[in-house]
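A.B. asks: Pasting the sequence and the predicted model now:
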Amino acid sequence: MLERCKTAQERWGGVHAIIDRWLQSRKRLIEDWVELRERGEYTPTDTPKVQAFCELLVDYVSTGHFEVYEQLALEAQEFHDDTALQCFQQLMPEIDKNTEIVLEFNDRYDTKEHCNAQLADLPIALQTLGLVMDERFAYEDRLIEELHEAHSEASA
């Protein structure tokens, strides 16, 4: 997962400031997820770290929905790229389903009370979230490739 993030950043980083910042957030999200997963047994002292992770997770997903995806769709529209727009329309329902799962994780662990009540379930929840996020990153990379990379070559 982290290797795919590095590859995406090398390919698209710097091409567009929003995407670059977003890919940097993705890298930090993955690093924080790995750090949480490696903790093993969780206690209430881990709750602030879990809450900070939830905040980063929601910020990442929100940036995708309210900045990046929107920007990519606008770019495809400006280039009259029907193929890219079709890709967007195919992938967004999958990303939306994925978002529901991510938000469910957040709702389970976003507050001290929620987190402490479910610490025993955290290892499995993090493992599941990792799979969901890996799938999401693949969808997002495809969006960037289909809706942005072709246009950046065309505008060069």
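C.D. replies: Received, thanks. Numbering: from 1, shown residues only.

A.B. asks: Checking the closest residue in space to D121 that isn't next to it in sequence next. Helix, strand or coil?
C.D. replies: Spatial nearest neighbour of D121, excluding adjacent residues (C-beta to C-beta, 6 or more residues apart in numbering): R108 at 7.8 Å. (Each C-beta comes from the backbone N, C-alpha and C, glycine too.) At R108 the chain is in helix, as set by DSSP: H, G, I helix; E, B strand; the rest coil.

A.B. asks: and the one helix or strand L126 maps to, what's its mean pLDDT?
C.D. replies: Per DSSP states H and E, L126 falls inside helix 122-144. For helix 122-144, mean pLDDT is 96.

A.B. asks: Now do the buried residues in it.
C.D. replies: Of the residues in helix 122-144, 122, 125-126, 129-130, 132-133, 136-137, 139-141, 143-144 count as buried by neighbour count, 16 or more other C-beta atoms under 10 Å.

A.B. asks: One more: stretch 67-80?
C.D. replies: Buried residues in stretch 67-80 (16+ other C-beta under 10 Å): V68, Y69, Q71, L72, A73, E75, A76.

A.B. asks: could I get that stretch in PDB with only the CA atoms?
C.D. replies: Output of stretch 67-80 as PDB, limited to C-alpha atoms (Å, rounded to 0.1, in the frame of the first residue of the first chain):
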ATOM      1  CA  GLU A  67     -11.800  19.100  -3.800                       C
ATOM      2  CA  VAL A  68      -9.900  16.400  -5.800                       C
ATOM      3  CA  TYR A  69     -12.700  14.400  -7.500                       C
ATOM      4  CA  GLU A  70     -14.500  17.600  -8.300                       C
ATOM      5  CA  GLN A  71     -11.400  19.100  -9.800                       C
ATOM      6  CA  LEU A  72     -10.800  16.000 -11.900                       C
ATOM      7  CA  ALA A  73     -14.300  15.900 -13.200                       C
ATOM      8  CA  LEU A  74     -14.100  19.600 -14.200                       C
ATOM      9  CA  GLU A  75     -10.800  19.000 -16.000                       C
ATOM     10  CA  ALA A  76     -12.300  16.100 -18.000                       C
ATOM     11  CA  GLN A  77     -15.300  18.400 -18.800                       C
ATOM     12  CA  GLU A  78     -13.000  21.200 -20.000                       C
ATOM     13  CA  PHE A  79     -11.200  18.700 -22.300                       C
ATOM     14  CA  HIS A  80     -14.500  17.300 -23.500                       C
END
